[in-house]
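Undergrad: structure for this input, please:
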Amino acid sequence: MKYETGGASLSAKKTRMLAGLLAGSAMAFVPGAALAQDEASGGDETAQIDGPTEGAIIVTGIRSSLQSALSEKRNSESLIEVIQAEDIGKLPDQNLAEVLENVTGVQITRTAGVGTGVQIRGTNDNQVLINGVKTVSAGTGRGGISFEDINPAIISSVEVIKAPTADTIEGSVGGTVNLRTIRPLDITDRIISVRAQGEYSELSDSIKPRISGSFGDVWSTGAGEIGIVLSASYTEQEATSFRPRVDRDNLVAAGSAVTSSGAAGPDFNYLGIQFLNQELENFEYETINFAGSIEWAPSDDLMFYFDTIYNDQERRQDSSRIQASGVSGLRFNNVPSEFETVDFGSLDGVDLGSIQASLVGVIEPNLGVDDDDPNLRFSSDTGARVTTSEVYRLGTQFETGRFSARVEASRSTSDSSNPNLSTTLNFINPNVPLDGSSNDNPVPFAYDLSGGSLTFGINFASPIAPTIDELLDPSNTVLDAVTNSNNRTQNEENAFRIDTTLDVDDLTPFFTSFDLGYRFNDTSTQFDQLRSTFGTGAIANSPSGSAFADLIVPGPDNFGDFDGRDLAFRNFVLIDPDRSFSDRDAVFATLQAALDATPGGQARIASGGRLLSDLDPNSSGNLAGSFRIEESTHAVYAQANFEAGIIRGNIGLRWVSSTIDSFGNNVANGVVSPVTSRGNYAEWLPRVNLIADLTDELVFRASYTEDINRPDFNDLSLSVTFPTGPNNPVSLGNPNLAPETVQSFDASLAWYFAPSSLISIGVFHKDRTNLFVTQVEDAFEDANGFRDITAPCEQGGIFNPVPDRNVLSPTIGNGLCVPLQTIVNDQSSTTQTGIEVAFQYDLSQFEDVLGFASGFGVIANYTYQDFGGGEATNSNSGRGGDIFEAINPGISLPVEAVQGLLDFSENAYNVTLYYEKYGLSARARYTWRDAFRTLDTAGGASLNSTFGFPTVTESRGQLNASVNYDVTEFLNVGVEGVNLTKSEITQRCVNSSALLCFQGLPDRRIVFGATLNF
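TA: From the prediction side, this is the model:
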């Protein structure tokens, strides 16, 4: 099959791009495409070739896609990066985030090993387009459609715009990602392609199907050319990750502790165990994607087009958390058997110093001191995100004389629901007496945090340890907490734009064309909270598991499968997550009946209520958590395109004016009152791009651009949602947030020293104002570690009526002061400066000399970034302050540190070695990124439990590889491996190399299958 670029030509600028795409030795968007090199031209990559001819050199596969992408990048009018599919629906990875990881300056984050987040030049604040249309997210953010929602099989190429032109939609800090589908009038032969694969996930021990197909054709009719392309995919995927968490943020003063046998403890301060949490993340994806495009060109000067993208995904979570809670209640009665020295380093010039920390030991209950702690809890986090996303684009482009224009209307929508029935069971140890007031009950634990591994479990050597049979007996559990919800988020953006061009190429010696355009968009998000939560707290309100034993099943016992650890929670029970998901109403009704039968339940019914409420959208709590944001934007731009000698480029100006209305509800004494807020702003955004073709091989680029980054919708919300955990902060929106403004400077030099080869070096600098930063006001704890349990929390924090107080209060029940978290604008400007280096080379030109070895090639890139400035700070938590003061008596508290940019790595690189010859196509890619600070932690941890500062994810590398073989001209088989070396994630509190707090042990996945092209 072959492809050509068809359709009407709109400007001299676009004609240059078209010529570039047709130059060299590959065609854009072409799987298996070929482009001939004219021997007479000596292989000049700028020579335009109309199509394959007899005796042409045919280039296909990886090399074809790389050559095509380089050609597009070289001839672009701004700084972009391009990844082309080497075949129909065959981008280099199975996940779009992992596809983008190939791009210089791009790093990604993963959830359970699956790429979900993308940082471009160190920031998450980017936007996603499909065929130039802005998409909306599944949640209340701004980034656009989630990368895990789209199968790369329906995408033909990915474009990352690092330096925008005036017509580029505003809203990105690092860059704009444009996902492109095949254009119907670009193809010349019929496309029929089908691919079937299976994905094996090692930790979940499952194989899931992946099926995709594409069809495309062009017909010449009496009414002109009509082209159509249809692509569809069905994907299932299961991803598992183990994430142990250990909190060691309780100070045990010298001489204050004794061993479990009563012997005197050490005469030095140390960090005691506060909390142990074994989290198993399991996500199951079922995704349907469809992309369809039709183009009709009645003449060479007129074309109509219609695109649609449809996504339907169910991302189900079936995770478990096994918690050793109330551990801190025994910190003075269980001295560790081994310690380690932890150096907290320094923060903003303040040396925090070193302290001993618990490393190995047991936590033996002491009934004379505390007959409730430490206790064991089994939580099942069973929920889903069910999302339907749609993108529609309808337009026309035409040319008359020197004037050309595109008129387009688009609509992007996303409708998500989040069904969730999560439960917690408390284990009642039959080997110790139950005091009858609390549903907590002592269980002995052991921990070993040596060797950089967070391992812990039941101390079966203890005389009061439960047996395995007792741990698996439903009658030894009571219901502790239930969360039932089905929140819904509806997002939409309707847009209209007109882009015009006046071609003056032969009328002036300098300017080639002038562009003028207008875009209007109306964007909205509606979040409706539908939730019912309850924490029992007291044994009188806690029904025995025997009352709903038919719902209880053994939990997964494979937590040690990643690294073979011996010490882990392997024997526990959960409320059946499958039934909680598939038959949520029936499970809820069974739990409701069990609660009704308790003395506390009967008392509540007598007073006209129930312990566990039904879902009611009109309850004051749900109305308080619901909100709507409406935003309308007008944007006008003008741009002049120029070329003179070796110099070309563009200079433009974009004006943006936005109005935002925020609608929420305020609840006071059970009375709901609507509240509203309105804001508006306008920005001028100059954008200049300069290109100098210094020689046939050397290209210099420079640009100055400005952009804005709007706050996420939930950060503007006037409503409040109360989490269920006693340490989780309550997030308050800030409708007064101003958009962040970004000034970017870029310069790069690229040497195209051989066919499909490149060496480039670039520098960039960004000045950012109004950076969004997270601020936390901690809840005060007294000397006993207790918090206030009444509003209005005068000493800090905010009152949350939902959580079980657990060990944070001597009074049993629900409701206490918790940390308060919000987003503010940093009042000081910040800067980012970076260097990007890229290298690409293959040996195909030496086939006569090297033979089979000429199939090798390499792609590599490296990015260095530095972040500076800013004044918004994080402050130590209350426990953190106690620890720092114990290390350094007289230290000035609070200890503060500028938060800076989260998920920002100073250094990153990736290297791909590939081989393509004799029908064999193979790749191996190693990706590495430096340490970075993040709020993404395990087991519901918050800033309060990480000493008040974002956690540091240590540097990490990952190896992926793939092998494909053309069995025949039409049949290809292949296999791909992700995280082949089972690289783990390590997270530390306060600073890199400081206190080990979290681990991530992600899956290794293998994809295998075949592709059939007709």
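Undergrad: pretty sure Q602 sits against L595.
TA: No: using CB atoms under 8 Å as the test, Q602 is too far from L595 to be in contact (9.9 Å). Just so you know, the C-beta spots here come from the backbone N, C-alpha and C atoms, and that holds for glycine as well.
Undergrad: give me the number of residues near S760?
TA: By other CB atoms under 10 Å, the residues close to S760 number 19.
Undergrad: repeat for I552
TA: Residues lying near I552 (other CB under 10 Å) number 21.
Undergrad: residues in contact with it?
TA: Counting by CB atoms under 8 Å, 6 or more residues apart in numbering, I552 touches L425, P474, T477, G545, V573, L574, I575, D576.
Undergrad: quick check: bridge partners of it?
TA: Per DSSP bridges, the residues bridged to I552 are I575.
Undergrad: look up how far V482 lies from it.
TA: Relative to V482, I552 is positioned 14 Å away (CB to CB, to the nearest Å).
Undergrad: G222 too?
TA: From G222 over to V482 the distance is 67 Å, taken as CB to CB.
Undergrad: most surrounded residue in the contacts of I552?
TA: Scoring these on neighbours with other CB under 10 Å, the highest-scoring entry is T477 at 30 neighbours.
Undergrad: my read: that residue touches L376, true?
TA: No: with contact defined as CB under 8 Å, T477 does not count as touching L376 (9.5 Å).
Undergrad: mind listing the shared neighbours of these two?
TA: With CB under 8 Å, 6+ apart, T477 and L376 have common neighbours N426, F427.
Undergrad: quick one, strands of the stretch 851-1000 of the chain?
TA: Applying DSSP state E, counting those that start in this stretch to the stretch 851-1000 of the chain gives strands spanning 856-869, 873-875, 896-898, 907-917, 920-929, 932-934, 951-953, 956-966, 971-978, 985-989, 995-1002.
Undergrad: closest one to E740 among these?
TA: Nearest to E740 among those is strand 856-869; the distance by CB to CB comes to 13.1 Å.
Undergrad: buried set for stretch 437-453?
TA: For stretch 437-453, a neighbour-count test (16 or more other CB atoms under 10 Å) marks 438-449, 453 as buried.
Undergrad: again, but for stretch 256-270
TA: Using 16+ other CB under 10 Å as the burial criterion, the residues of stretch 256-270 that qualify are A257, T259, S260, G265, P266, N269, Y270.
Undergrad: how far does it sit from the chain's center?
TA: 44 Å (CA atoms, centre = their mean, to the nearest Å).
Undergrad: which residues are contacting it?
TA: 251-255, 272, 331-336, 339, 355-358, 362, 364, 366, 886-887.
Undergrad: mind running it again at 6 Å?
TA: Applying CB atoms under 6 Å, 6 or more residues apart in numbering, the external contacts of stretch 256-270 come out as V252, A253, A254, G255, F332, N334, V335, Q356, E364, A886.
Undergrad: now do the first one, the pLDDT please.
TA: At V252, the predicted lDDT confidence score is 95.
Undergrad: tell me who's in contact with it.
TA: Under the criterion of CB under 6 Å, 6+ apart, the neighbours of V252 are Y270, G272, R331.
Undergrad: before we move on, back to that, pull the most distant pair out of the contacts of stretch 256-270.
TA: The distance between the two most remote of the contacts of stretch 256-270 (CB to CB) is 25.0 Å, for E364 and A886.
Undergrad: these two: who's more crowded?
TA: For E364 versus A886, the count of surrounding residues by other CB under 10 Å is larger for E364: 22 against 19.
Undergrad: center of the chain, which residue is that?
TA: Taking CA atoms, centre = their mean, the centroid of the chain lies closest to G117, which sits 2.7 Å from it.
Undergrad: work out for me the element that one sits within.
TA: Per DSSP states H and E: G117 is located in strand 114-120.
Undergrad: contacts for whichever strand or helix holds V99, please.
TA: Assessed by DSSP H and E, V99 sits inside helix 96-100. Under the criterion CB under 6 Å, 6+ apart, residues L91, D93, V106, I108, G115, V118, F147, I150, P152, V158 lie in contact with helix 96-100.
Undergrad: whichever helix or strand comes after it pairs with which strands, parallel or anti?
TA: Where DSSP H and E defines the elements, the next helix or strand beyond helix 96-100 is strand 106-111. Each strand paired with strand 106-111, and its direction, by DSSP bridges: strand 114-120 (antiparallel).
Undergrad: how about the strand it pairs with as PDB, C-alpha atoms only?
TA: Extracted as PDB, the C-alpha positions of strand 114-120 are listed here (Å, rounded to 0.1, in the frame of the first residue of the first chain):
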ATOM      1  CA  VAL A 114       0.900   1.600  33.400                       C
ATOM      2  CA  GLY A 115       1.800   5.000  32.000                       C
ATOM      3  CA  THR A 116      -0.800   7.600  33.000                       C
ATOM      4  CA  GLY A 117       0.900  10.900  33.500                       C
ATOM      5  CA  VAL A 118       3.200  12.900  31.200                       C
ATOM      6  CA  GLN A 119       5.500  15.700  32.200                       C
ATOM      7  CA  ILE A 120       6.800  17.800  29.300                       C
END
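Undergrad: ok, the nearest residue to G345 once chain neighbours are set aside to D351 distance?
TA: Leaving out its chain neighbours, the residue that sits closest to G345 by CB to CB, 6 or more residues apart in numbering is N991, at 3.9 Å. As judged by CB to CB, N991 and D351 stand 11 Å apart.
Undergrad: and if you look at L623?
TA: Going from L623 to D351 by CB to CB gives 49 Å.
Undergrad: how about the helices in the stretch 601-750 of the chain?
TA: 620-625 (DSSP state H, counting those that start in this stretch).
Undergrad: what ranges does it have for its strands?
TA: Going by DSSP E, counting those that start in this stretch, the stretch 601-750 of the chain shows strands at 627-644, 647-668, 671-693, 698-709, 720-721, 730-732, 740-751.
Undergrad: R565: which of these is closest?
TA: Of all these, strand 730-732 sits nearest to R565, with 34.7 Å by CB to CB.
Undergrad: and the contacts of the closest one?
TA: Contacts of strand 730-732 (CB under 6 Å, 6+ apart): I798, N800, V818, L820, Q821, T822.
Undergrad: give the pairing partners of that strand; include direction for each.
TA: Going by DSSP bridges, the partners of strand 730-732 are strand 720-721 (antiparallel), strand 820-825 (parallel).
Undergrad: averaged pLDDT, the last one. What do you get?
TA: So the one you mean is strand 820-825. 85.
Undergrad: between strand 740-751 and it, find me the angle.
TA: 60 degrees (axes from the mean of the first three to the mean of the last three CA atoms, to 10 degrees).
Undergrad: pLDDT of the helix holding V99, averaged?
TA: Mean pLDDT, helix 96-100: 88.
Undergrad: thinking again about what came up before, distance of the residue nearest to the centre of the chain relative to A603?
TA: In terms of CB to CB, G117 sits 47 Å off from A603.
Undergrad: for the stretch 451-600 of the chain, what spans make up the helices?
TA: 468-471, 577-582, 584-596, 599-606.
Undergrad: can you put those in TSV and add mean neighbour count?
TA: Shown next, in TSV, are the helices of the stretch 451-600 of the chain (neighbours: other CB atoms under 10 Å):
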stretch	mean neighbour count
helix 468-471	15
helix 577-582	18
helix 584-596	18
helix 599-606	14
